[in-house]
Every structure is written in C-alpha cells, then in structure tokens.
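Undergrad: just need the structure, nothing else, for what follows:
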Amino acid sequence: MKASASPARSSARTPPAAALSSPDAAFAQSPLGQALMHVLAGGSASQRQIADYLLRNQMRVIALGIEELADNCQVSTATISRFARDIGQKNYSAMRGAMAETLQSLLQPVDKLRHTIERRARATSPVTESLEYAAANIAATSAALSLPDMHAVVRRLTRAKVVYVMGFGLSANLAGMLVQHLQPFCPHVVEVVGIGGSEVAAGHLVNLTAQDVLVVISFPRYTLDCIGLASFARDRGACIVALTDSPASPLAELAEHALFAQSTHPVLPSSASTALAMIEALAVALMVSNKDNVDKAARLSEVIAAYLYGGEHGVQVPRKTAAQQRKAVHKKQSL
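TA: Numbering: from 1, shown residues only. Below you'll find the model as predicted:
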C-alpha cells in the first residue's frame, strides 16, 4: 500500500502566478496536458506513474520508443498502449505525435528559454517566487495526504525493532532531522549515512532483518547508491518507507509505503521545504499515536526545559512542574 500524498492529485490546487506562466505549466494547461492531469487525479497506480512521467519529461518522451518509455515507467508496453487509448489517442505513436504538436507551439527549447527569461523579469523577486513555490508545494501535498496511510507508516515505525534512516547529499540533512524526531519514540534508531558515505551506509544495513524498517529519503536528483541500498534492504525482508517526490521516483516501486512530498522549484533541481514539513507531520503523528508516546513527549519537554533560556541553567529559576506542585500541596496538607 502506498501513501497517497502524491503530486498526482495535488495539481488540483491553484499554483502561484509565477508557476502558471512557466512553459511546463503551459503544457499542463493544454488539452493533452489536462487529459494527463485528469489521469493523475483518479487513475490507477500504473496510469498515474505514466502520466507523471509524461508531464515531467515532455521533451524526452517524443524521442522515446514505446519499449523505452515502458522501461522508464516500469510498466509493460501493453500498459502504455492502453494508456494512450484511455486518453483518447489511437495508439502510442499517435500520443507521441500529439505531444510533439503541443510542444511545437509551447515548449520548443528556444521558446522555453525566452519564456523563462520573461517570467523572471516579470517576477517581483526570485526570493518571492521561491517562497511561492514552497507554499504551493506544501499546500498541494497537504491536500493530497491520506491520513490512514500516514498512520500505517506510524504503526510500522512503532513495531520496528530497529528503524534505519537513509539519505545522501542534501537528503542526508533531512535524514538527520528525522532521526532526531524519531529517537525519543522508537527503541533503536540508526542514521545510516551520517558523516560517512556508501561504505558506512552498507555497513549499517548489513544487519537489517525482517523486523526492521528502512526510511529512505531521496529527491531529484536521485542517487544510485540510495536506490541500490534500498533494493538490498528490501531483499533482506525489511519494510521500506520512501519519502520522495512522485510515483515516478525510482524509490516508489521499492517501497512498501511511500510518502510523496511535492518538490517543484523554478531554479533548483528540487525543493526540500515540503519534505521537511512531511517529516514534522510524521513526527507529530508518531508522538500522539499512543499514550506512552504522549507521556514520553511530556517527560522530554520537562527534561529539556531545564537547559533552555530561563531554565535551571539559564537566567531564571524554572517554574515547578505539575508533579512538583502536587507534591508540594500534599506536603503542606500533611503538616
């Protein structure tokens, strides 16, 4: 079962004005693009995967044969042919021709560069545009998130003997933040990469069992090491939870549970803002999932409070906790 916080349905939300003027968004607004968006909103898993790939790789697709597209989407050629008919095309060749015609008017490389320059010139600020994309990504991901699927991930984390968390490159920072959130509530949490590389990660994962969970975090550009080690962990029987951007991600098919965080960005290969928001949402879901975790969170807050500004080691004397206050009342009553 895959968690459904996918960019598939997220496109129903209105993107920022800057996004609407981009060539990629212009393709999505074309009749063919709208047909693909409709599939993303309610198609089967394989259909959503194909539609997602087509929308994200328009220029590449018109040069691909049906076998190559099937390999890239990890489906059969028969599935590609059925998909073409489902969106109103006679066959795959007709669908590819329709994409080429649409791109001819909207997404030629020279035009794309010109539109990009014009869009940036019209934008109030690249900073504002980046923030608009971040806000749109988070809103779209939130709208598509399935709470039952998120709770299924929480249950797997709760039952796991060991939770391994892996991310390379910029995703290593996200992995480190997730580890900090999980540690108080999971018996044993291992940051697979840390300050090491693939050899260190492989050394950690060699001890994986079927009782363990591996959380894999990867966004464009995906790293081969991450995919290879996730495959190794799956082969050892571990539960794979993927935090990635799309059903077209190479991690999606490796995972038993996949949480999709939209990561579109006008300049960067991908944005990490939604991934961070998803990590925080997962941490909160785990924190409130049972009474023991709620109690742990309360105790952790009390312990940390003494080391914060204004606490026992800070400027002011800390206020008494509720337990201390009750103890003081009982002591007074006994006098």
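
Undergrad: which ones are touching Met287?
TA: Going by CB atoms under 8 Å, 6 or more residues apart in numbering, Met287 touches 185, 293-294, 297. Quick note: C-beta positions are derived from backbone N, CA and C, even for glycine.

Undergrad: can you flag the buried ones in the residues you listed?
TA: Among the contacts of Met287, those buried by neighbour count (16 or more other CB atoms under 10 Å) are 185, 293, 297.

Undergrad: excluding covalently adjacent residues, which one is nearest to the last one?
TA: The shortest distance from Ala297 to any residue other than its chain neighbours is 5.1 Å, reached at Met287 (CB to CB, 6 or more residues apart in numbering).

Undergrad: also the second one?
TA: Leaving aside its chain neighbours, Asn293 sits nearest to Phe185 (5.1 Å; criterion: CB to CB, 6+ apart).

Undergrad: isn't that neighbour right next to Asp295, touching?
TA: No: with contact taken as CB atoms under 8 Å, Phe185 and Asp295 are classed as non-touching, separated by 10.7 Å.

Undergrad: so what are the domain limits for this protein?
TA: When the chain is parsed into structural domains using automatic domain parsing, the resulting residue ranges are 9-142, 146-289, 292-334.

Undergrad: tell me which of those is the most buried.
TA: Per-stretch averages of neighbours, counted by mean count of other CB atoms under 10 Å, single out domain 146-289 among these, with a mean of 19.

Undergrad: can you name the element that comes right after the biggest helix by length in the chain?
TA: Secondary structure of the chain per DSSP state H: the longest helix is helix 126-144. Tracing the chain C-terminally past helix 126-144 and defining elements by DSSP states H and E, one meets helix 147-159 next.

Undergrad: hmm, who's touching stretch 156-163?
TA: Contacts to stretch 156-163, defined as CB under 8 Å, 6+ apart, come from residues 182, 185-190, 207-209, 211-215, 239, 241, 256-257, 286, 289-290.

Undergrad: what do you get if the cut-off is 10 Å, keeping everything else the same?
TA: Contacts to stretch 156-163, defined as CB atoms under 10 Å, 6 or more residues apart in numbering, come from residues 178-179, 182-183, 185-190, 204, 207-215, 238-241, 256-257, 282, 285-286, 289-290, 292-293.

Undergrad: give me the distance between the two termini of that stretch.
TA: From the first residue to the last, stretch 156-163 extends over 9 Å; the measure is CA to CA, to the nearest Å.

Undergrad: show me where the stretch 51-200 of the chain dips below the pLDDT cut-off.
TA: 105-124, 195-196 (pLDDT under 70).

Undergrad: do that again at 90, thanks
TA: The model of the stretch 51-200 of the chain has pLDDT under 90 over residues 52-64, 97-149, 168-170, 172, 183-185, 187, 193-200.

Undergrad: do the same with the stretch 201-335 of the chain
TA: When residues are selected by pLDDT under 90, those of the stretch 201-335 of the chain lie in 201-204, 206-207, 220-226, 245-254, 262-271, 287-335.

Undergrad: quick one, helices of it?
TA: With DSSP state H, counting those that start in this stretch as the criterion, the stretch 201-335 of the chain has helices at 224-235, 273-287, 291-305, 322-334.

Undergrad: follow-up on the earlier one: now the longest helix of the chain against helix 273-287, angle please.
TA: Direction vectors for helix 126-144 and helix 273-287, defined by axes from the mean of the first three to the mean of the last three CA atoms, to 10 degrees, enclose an angle of 40 degrees.

Undergrad: I'd like to know which elements helix 126-144 is packed against.
TA: For helix 126-144, the contact count by 3 or more CB pairs under 10 Å, 6 or more residues apart in numbering; DSSP states H and E identifies helix 7-10, helix 17-20, helix 109-122, strand 257-260, helix 273-287 as packing neighbours.

Undergrad: pull it out as PDB, backbone CA atoms only.
TA: Output for helix 126-144, consisting of C-alpha atoms alone and laid out as PDB, is shown next (Å, rounded to 0.1, in the frame of the first residue of the first chain):
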ATOM      1  CA  PRO A 126      13.400  35.400  -7.300                       C
ATOM      2  CA  VAL A 127      13.200  35.100  -3.500                       C
ATOM      3  CA  THR A 128       9.400  35.700  -3.600                       C
ATOM      4  CA  GLU A 129       9.000  33.300  -6.400                       C
ATOM      5  CA  SER A 130      10.900  30.600  -4.500                       C
ATOM      6  CA  LEU A 131       8.700  31.100  -1.400                       C
ATOM      7  CA  GLU A 132       5.600  31.000  -3.500                       C
ATOM      8  CA  TYR A 133       6.600  27.600  -4.900                       C
ATOM      9  CA  ALA A 134       7.400  26.300  -1.400                       C
ATOM     10  CA  ALA A 135       4.000  27.400  -0.200                       C
ATOM     11  CA  ALA A 136       2.200  25.900  -3.200                       C
ATOM     12  CA  ASN A 137       4.100  22.600  -2.800                       C
ATOM     13  CA  ILE A 138       3.200  22.300   0.900                       C
ATOM     14  CA  ALA A 139      -0.500  23.200   0.200                       C
ATOM     15  CA  ALA A 140      -0.700  20.700  -2.600                       C
ATOM     16  CA  THR A 141       0.900  17.900  -0.600                       C
ATOM     17  CA  SER A 142      -1.300  18.500   2.300                       C
ATOM     18  CA  ALA A 143      -4.400  18.400   0.200                       C
ATOM     19  CA  ALA A 144      -3.400  15.000  -1.200                       C
END
